[in-house]
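A.B. asks: following is a predicted model, sequence given first.
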Amino acid sequence: MFSVIFPGQGSQSLGMGKEFFDKFEHVKKLFQEADDVLNVPLSKFILDGPKDKLDLTVNTQPAIFLISFSIFHVIKNEFNIDLHKAKYFAGHSLGEYTALTCSGSLNFSDTLKILKKRGKAMQSAVPNGVGGMLAVLNSNFETINNILVDNKSDFECYIANDNSNSQIVVSGFLNNIDKFSNYLTKLKIRNLKIPVSSPFHCKLMNKATKSMEKEIKKLNFNDPKIPIVSNVTANITKDNLEYSELMIKQIEHRVRWRESIQFMAKNNVKKFVEIGPGKVLSNLIKRIDTNFETLNINSIDHLEEFKL
């Protein structure tokens with residue numbers, strides 16, 4: 001039994017998806033539709049750069065979605081592989097929008113538009129250079145959460161991503177991130193700053209939540225063909241009316257990725273198929289349990305070797 005998973009921000013790279021764009025007319029049409037819907041040359045940013053344009057959150061979010069969605073449709077339309085045989089779909093942060101769209105809950109153009117708005121709202125929620133994020137390695141949720149609770153008066157930071165048994169990502173104002181980093185270094189806990197300009201998935205994103213609430217409520221969420229495992233609950237949602245509230249909460253809520261994978265595993269999923277640029281999620285899953293089988297599809301070679 002397998003699940004399909006979709007990556008989030010940080011997996012982007014210049015030229016991602018180029019071989020799919022060059023080979024398949026269907027993909028060229030999706031890229032052109034994205035440019036038209038967003039009224040920006042997203043295709044150029046993806047294929048030719050400049051990299052700093054691609055890395056702007058307002059462009060990164062729809063770009064990663066476009067690549068994952070394009071590969072999903074190549075698998076379906078060109079290779080006749082039915083990914084709707086999966087037990088679950090799940091996505092990391094913005095990847096949850098990809099999961100919803102590939103499952104038929106949202107349509108392509110609406111997702112492009114909402115991700116552009118989401119990216120803009122999240123980017124502008126905190127002034128540039130004021131907030132940041134820190135990856136903590138070789139430590140778990142309980143350890144880091146206890147440190148943050150015990151030292152709240154010295155540095156107020158928030159767990160943004162519970163990614164695996166050995167990777168936690170923390171958000172906060174930069175001065176607090178620096179203090180927290182120094183504290184961890186003294187404890188010999190490895191950590192490194194993530195090159196982002198905003199402290200995502202924490203209460204500092206409240207301004208983004210307020211600006212996106214009305215926009216997300218406008219979306220028409222249909223019943224998905226495949227159950228979606230929510231970032232917020234690490235569980236499936238049986239009522240499609242809940243998706244709107246969950247996607248609003250998701251902006252400030254930590255991404256419960258480790259728990260999401262564990263939920264799927266408890267329900268007999270042993271194989272995870274990652275569709276989209278990079279292989280971040282596949283690597284995280286191996287850190288959760290080395291016995292899990294992972295398959296990453298971000299090239300045509302991967303597709304030709306693909307077997308369920």
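C.D. replies: Perfect, I can see it now. Residues are numbered from 1 along each chain as shown.

A.B. asks: quick one, strands of the stretch 51-200 of the chain?
C.D. replies: Counting by DSSP state E, counting those that start in this stretch, the stretch 51-200 of the chain has these strands, from start to end: 88-91, 131-137, 157-164, 167-173, 191-194.

A.B. asks: all helices of the chain, in order?
C.D. replies: 18-23, 25-38, 42-47, 51-54, 57-77, 95-102, 108-124, 141-150, 174-186, 206-218, 242-249, 257-266, 280-288, 300-304 (DSSP state H).

A.B. asks: follow-up on the earlier one: most neighbours per residue, which of the strands of the stretch 51-200 of the chain?
C.D. replies: Ranked by mean neighbour count, the strands of the stretch 51-200 of the chain are led by strand 88-91 with a mean of 28 (mean count of other C-beta atoms under 10 Å). Glycine gets a C-beta too; all of them are placed from N, C-alpha and C.

A.B. asks: what is the mean pLDDT for it?
C.D. replies: Per-region confidence: strand 88-91 scores 98 on mean pLDDT.

A.B. asks: and it, what does it pack against?
C.D. replies: The elements that strand 88-91 packs onto, with contact taken as 3 or more C-beta pairs under 8 Å, 6 or more residues apart in numbering; DSSP states H and E, are strand 2-6, helix 95-102, strand 228-229, helix 257-266.

A.B. asks: got JSON lines for these, with mean pLDDT, mean neighbour count and distance to Ile168 too?
C.D. replies: Listed next are those as JSON lines, based on pLDDT from 0 to 100; neighbours: other C-beta atoms under 10 Å; distance: least, C-beta to C-beta, whole Å:
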{"stretch": "strand 2-6", "mean pLDDT": "98", "mean neighbour count": "27", "distance to Ile168": "19"}
{"stretch": "helix 95-102", "mean pLDDT": "98", "mean neighbour count": "28", "distance to Ile168": "18"}
{"stretch": "strand 228-229", "mean pLDDT": "97", "mean neighbour count": "25", "distance to Ile168": "20"}
{"stretch": "helix 257-266", "mean pLDDT": "98", "mean neighbour count": "21", "distance to Ile168": "9"}
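
A.B. asks: out of these, nearest to Asp35?
C.D. replies: Of all the helices and strands packed on strand 88-91, the one in closest proximity to Asp35, counting by C-beta to C-beta, is helix 95-102 (17.7 Å).
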